[in-house]
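Asker: Return atomic coordinates for the entry below.
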Amino acid sequence: MSTGPIIIGFDGSPASQRAVREAAIMFAPRQALVVVVWEAGRAFDLTTLPSRALDVPVGSINFRTAVELDQTMHEDAQQLARCGAQLATNGGLAAEVSCRGR
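Answerer: Numbering: from 1, shown residues only. From the prediction side, this is the model:
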């Protein structure tokens, strides 16, 4: 059996939580990398959508708002990755996190 690290994709769903727990049962005490992938720049799509479709006043979604929202989404993804790593660590894996924008 290989002794290298395992990679676990995590999105916070019940299925991914179960996958982390199952991986810990199967592979502890190995190294694990818990990965969360988020769509960087997705908030900028909101600046090009018609405001009427979102039921918000015209001009309320601007570049600055998109930057702030994108940063918040990145921070949320990092927190989610830390939660997944904590689950893995609780199960006996030596877990690290990786938060990747795509």
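Asker: So what does residue 28 look like in phi/psi?
Answerer: Backbone torsions for residue 28, taken as degrees, to the nearest 10, come to phi -60, psi 140.
Asker: Check the protein for its longest helix and report it.
Answerer: helix 63-90 (DSSP state H).
Asker: Low-confidence ranges, the protein, go.
Answerer: For the chain, applying pLDDT under 70 flags the ranges 1, 46-61.
Asker: mind running it again at 90?
Answerer: By pLDDT under 90, the low-scoring segments of the chain are 1-4, 38-73, 98-102.
Asker: so how far is residue 100 from the closest residue to residue 38 other than its chain neighbours?
Answerer: What sits nearest to residue 38 in space, not counting adjacent residues and going by Cβ to Cβ, 6 or more residues apart in numbering, is residue 77, at 3.9 Å. Quick note: C-beta positions are derived from backbone N, CA and C, even for glycine. Remark: distance between residue 77 and residue 100 (Cβ to Cβ, to the nearest Å) = 8 Å.
Asker: Which of these two has more residues huddled nearby?
Answerer: Between residue 77 and residue 100, counting by other Cβ atoms under 10 Å, residue 77 is the more crowded of the two (21 against 11).
Asker: Return the residues in contact with the more buried one.
Answerer: Shown in contact with residue 77 (Cβ atoms under 8 Å, 6 or more residues apart in numbering): 36, 37, 38, 99, 101.
Asker: out of those, which are buried?
Answerer: Taking 16 or more other Cβ atoms under 10 Å as the criterion, what is buried in the contacts of residue 77 is 36, 38, 99.
Asker: one step back: can you tell me which of the contacts of residue 77 is nearest residue 16?
Answerer: residue 36 (9.4 Å; Cβ to Cβ).
Asker: Look up the closest residue to that closest one, ignoring the ones flanking it.
Answerer: Distances taken as Cβ to Cβ, 6+ apart place residue 81 nearest to residue 36, at 4.1 Å, with adjacent residues excluded.
Asker: Now do the contacts for the one you found.
Answerer: Taking Cβ under 8 Å, 6+ apart, we find residue 81 in contact with 10, 34, 35, 36, 97, 98, 99.
Asker: quick check, nearest of those residues to residue 88?
Answerer: Of all the contacts of residue 81, residue 34 has the smallest distance to residue 88: 5.6 Å, by Cβ to Cβ.
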